[in-house]
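Trainee: Next come a sequence and a model predicted from it.
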Amino acid sequence: MSARLIDGTAVAERLRQEAARRVAAFTTLTGLAPGLATVLVGDNPASEVYVRRKRRAASEAGFIDFHHHLSASSSPGDVAAVLDDLAQDERVSGILLQLPLPAGFDRHGLVDHIPVAKDVDGLTTGSQGLLARGRPGLRPCTAAGVIDLLDETGINLEGAAAVIVGRSELVGHPAAELLLARNATVTIAHSRTRDLAEVTARADVLIAAAGIPRLITAAHIKPGAAVIDVGIHRTDTGLVGDVRFEEVAEVAGWVTPVPGGVGPMTIARLLANTIQAAEAAHARTVQPDAPSSGQ
C-alpha cells in the first residue's frame with residue numbers, strides 16, 4: 001500500500017477532547033452544562049444504535065442528555081410538538097432529529113421545527129441557506145468532518161480539483177459548499193454520471209459519498225490524490241465503503257479506512273456543533289443584539 005491512512009479515529013478523539021474542554025469551561029462560566037436533545041421516532045434498530053452512541057459521547061463530554069423516544073404510531077403532530085417544546089427549552093443547546101423517519105413523515109417539514117440556532121445537524125432550510133450564502137452557522141456534521149480529515153493531510157485546498165461522487169443534502173451538497181468556501185474547484189458527480197472514472201481521475205481530492213458499495217476503483221483515482229470514503233455498508237465479509245480500499249490504496253496519496261475514517265468524525269462534529277450553539281446562545285444573553293446564526 002502506497003497511500004497514507006487518514007486516521008479519523010485519532011482526529012475525532014482530538015475534537016471530542018476539545019469539545020469536553022469547552023463544555024467544562026462553559027459550565028464553570030454559566031453554572032449550567034449545555035444540553036443536547038435527541039429525538040428518535042420508531043424502532044429502527046440502526047437508528048437506535050446511532051442515537052445511543054451520540055448520547056453516550058455527549059454525556060462523556062459533559063452535556064446534559066435530553067432524549068425523547070416516540071413510538072412508530074406517533075403522528076407527525078406529536079413529533080412537531082416535542083420539537084417545539086425543545087425549541088423553547090433554554091436548557092437545550094442543540095436538537096437532533098434522528099433520520100430516517102418512519103414512512104409517511106415529512107422529514108423536511110419536521111426538521112424545520114428546529115431553530116437554526118439549535119440545529120446541530122445543520123439540516124434545516126435556514127442552516128443550509130446560511131451555508132449556501134457563506135454566512136456563519138452550524139454545518140452538517142459529516143460534511144464538516146470530511147473537511148477536517150482533508151485538513152489533516154496538509155493538502156492546500158485552494159485551487160485544488162475536488163470531485164464529490166454523491167449529491168445528497170446530508171453530505172454531497174454541503175461538502176461542495178464547504179470546499180468552495182476554501183477556494184477549491186468543485187465537481188459534483190453521481191452514480192449516473194457518464195464516464196465517471198474519467199471525471200474522478202482528474203481530482204486532487206475525491207470524496208466518495210454515493211452510497212454504493214465498492215463503487216470507486218483504482219481506475220477512478222488520480223495518482224497521489226486524497227480519497228475520503230464516506231460510505232459504510234455491511235456485507236458478508238464485513239464493513240466496506242464506497243471505495244475498493246485495497247486497490248485505491250495502491251494509487252492514492254491519502255485514503256480513509258472503513259471503519260475508522262469518516263464515521264467517528266460525525267459524532268465528534270456533533271459535539272463541536274452543540275458547544276458552539278451553547279456558546280453562541282450565551283453570547284446573545286450577554287449581547288442581545290448578537291446574530292442568531294449559531295456561530
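Mentor: Now that the structure is in, tell me what you want to look at. Residues are numbered from 1 along each chain as shown.

Trainee: Burial check on the closest residue to Arg214 other than its chain neighbours, number of neighbours?
Mentor: Sequence neighbours aside, Arg244 is the residue nearest to Arg214 in space, at 4.8 Å (criterion: Cβ to Cβ, 6 or more residues apart in numbering). Where C-beta positions appear, they are placed from N, C-alpha and C, glycine not excepted. For Arg244, the number of neighbouring residues by other Cβ atoms under 10 Å comes to 19.

Trainee: Quick check: Arg244 touching Pro213?
Mentor: No: contact criterion Cβ atoms under 8 Å: Arg244 and Pro213 do not qualify, at 9.3 Å.

Trainee: if we can go back for a sec, report the contact partners of the residue nearest to Arg214.
Mentor: Arg244 makes contact with Arg214, Ile216, Thr217, Ala218, according to Cβ atoms under 8 Å, 6 or more residues apart in numbering.

Trainee: Tell me, how many residues neighbour the closest residue to Ser71 other than its chain neighbours?
Mentor: Closest residue to Ser71 apart from its sequence neighbours, by Cβ to Cβ, 6+ apart: Gly42 at 7.2 Å. A count of nearby residues for Gly42, using other Cβ under 10 Å, gives 18.

Trainee: Hmm, Pro102 and Gly42 touching each other?
Mentor: Yes: using Cβ under 8 Å, Gly42 makes contact with Pro102 at a distance of 4.4 Å.

Trainee: any low-confidence regions in the stretch 151-295 of the chain?
Mentor: 288-295 (pLDDT under 70).

Trainee: domains in this protein, as residue ranges please.
Mentor: Taking automatic domain parsing as the reference, the chain has its domains at 26-119, 141-263.

Trainee: Span of the first one from start to end?
Mentor: Terminal residues of domain 26-119 lie 19 Å apart, using Cα to Cα, to the nearest Å.

Trainee: swap in stretch 245-265?
Mentor: Using Cα to Cα, one end of stretch 245-265 lies 19 Å from the other.

Trainee: buried ones in it?
Mentor: By neighbour count with 16 or more other Cβ atoms under 10 Å, stretch 245-265 contains the buried residues 245, 247-249, 251-258, 260-265.

Trainee: Could you do stretch 83-99 as well?
Mentor: Leu83, Leu86, Val92, Ser93, Gly94, Ile95, Leu96, Leu97, Gln98, Leu99.

Trainee: quick one: contacts for Gly211?
Mentor: If you count contacts by Cβ under 8 Å, 6+ apart, then Gly211 has Gly166, Ser168, Gly231, Asp242 around it.

Trainee: And Ala161, by the same measure?
Mentor: Counted by Cβ under 8 Å, 6+ apart, Ala161 has contacts Ala184, Thr185, Thr187, Arg202, Ala203, Asp204, Val205.

Trainee: right, and out of those, which lies closest to Asp7?
Mentor: Comparing the contacts of Ala161 against Asp7 with Cβ to Cβ places Val205 closest, at 17.6 Å.

Trainee: Identify the bridge partners of that closest one.
Mentor: Ala162, Ala226 (DSSP bridges).

Trainee: which residue ranges form the helices in the stretch 51-200 of the chain?
Mentor: Ranges of helices in the stretch 51-200 of the chain, per DSSP state H, counting those that start in this stretch, are 76-88, 107-111, 125-132, 141-153, 172-181, 196-200.

Trainee: Name the stretch among those helices that sits most buried.
Mentor: Mean neighbours per residue, mean count of other Cβ atoms under 10 Å, is largest over those for helix 141-153, with a mean of 22.

Trainee: Helix 125-132 and that helix, what's the angle between them?
Mentor: Counting by axes from the mean of the first three to the mean of the last three Cα atoms, to 10 degrees, helix 141-153 lies at 30 degrees to helix 125-132.

Trainee: Taking helix 172-181 as reference, get the angle to helix 141-153.
Mentor: Angle of helix 141-153 versus helix 172-181, following the same axes, to 10 degrees, is 40 degrees.
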